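Participant: structure for the following, please:
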Amino acid sequence: MFTRTIEPAFYDTDALGHINNTRLPAWFELARNDLFKLFTPDLNPKNWRLIMARMEVDYRAELFYGHDIEIRTYLTRLGNSSFTVTQEARQHGILTNLGHTVMVQYDHQAKCAKPIEGDLRDALSAHLQNAPESV
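Facilitator: Okay, the predicted model is just below:
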């Protein structure tokens with residue numbers, strides 16, 4: 001599991017006084033950088049080996065400005081060429097958001113999925129675990 005701490009900025013809030021729901025997908029993407037580095041260590045877009053096939057976010061509780069948010073990132077499925085990244089946002093230890101993103105190892109020149117094999121598969125397998133129950 002990878003863990004990142006986000007310190008919300010004032011502009012992340014909305015008129016209701018909590019963190020705007022549009023921030024979660026951006027923070028989840030930022031936190032996926034640790035996984036992206038397994039595929040492209042220098043994060044150079046010219047060498048990118050992934051595409052996103054699906055993303056969903058469950059909003060369980062509000063997040064607030066002035067308090068850090070912990071993003072936990074891990075895998076809940078590892079297929080032949082695709083995998084599911086599960087991410088939790090927690091504030092004060094409470095699970096507030098749960099995200100699932102399906103990523104595919106992809107050859108952008110050939111326009112096709114590529115199998116996940118060898119050391120890369122082993123590195124991804126080290127981050128496999130069960131997700132909390134969905135709402």
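Participant: alpha carbons only: can I get stretch 18-37 in CSV?
Facilitator: C-alpha atoms of stretch 18-37 as CSV (Å, rounded to 0.1, in the frame of the first residue of the first chain):
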residue,chain,number,x,y,z
HIS,A,18,-16.4,21.4,2.7
ILE,A,19,-14.0,20.0,0.2
ASN,A,20,-15.5,20.1,-3.3
ASN,A,21,-16.3,16.6,-4.7
THR,A,22,-14.2,17.4,-7.9
ARG,A,23,-11.0,17.4,-5.9
LEU,A,24,-11.1,13.7,-5.0
PRO,A,25,-10.4,12.4,-8.6
ALA,A,26,-7.5,14.8,-8.8
TRP,A,27,-6.0,13.8,-5.5
PHE,A,28,-6.5,10.1,-6.3
GLU,A,29,-4.6,10.6,-9.6
LEU,A,30,-1.8,12.3,-7.8
ALA,A,31,-1.6,9.5,-5.3
ARG,A,32,-1.4,6.9,-8.2
ASN,A,33,2.0,8.4,-9.1
ASP,A,34,3.6,5.8,-6.9
LEU,A,35,2.0,3.0,-9.0
PHE,A,36,2.7,4.9,-12.2
LYS,A,37,6.5,4.9,-11.4
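Participant: list the buried residues of that stretch.
Facilitator: For stretch 18-37, a neighbour-count test (16 or more other CB atoms under 10 Å) marks 18, 19, 23, 24, 25, 27, 28, 31, 32, 35 as buried. In this view, the C-beta of every residue, glycine as well, is placed from N, C-alpha and C.
Participant: hang on, the last one packs against residue 4?
Facilitator: No - the pair residue 35 and residue 4 fails to qualify as a contact (CB atoms under 8 Å) at a distance of 11.5 Å.
Participant: overlap of the contact sets of the two?
Facilitator: Shared contacts of residue 35 and residue 4 (CB atoms under 8 Å, 6 or more residues apart in numbering): residue 73.
Participant: from the buried residues of stretch 18-37, pick the one nearest residue 82.
Facilitator: Taking CB to CB as the measure, residue 35 is the one of the buried residues of stretch 18-37 closest to residue 82, at 12.9 Å.
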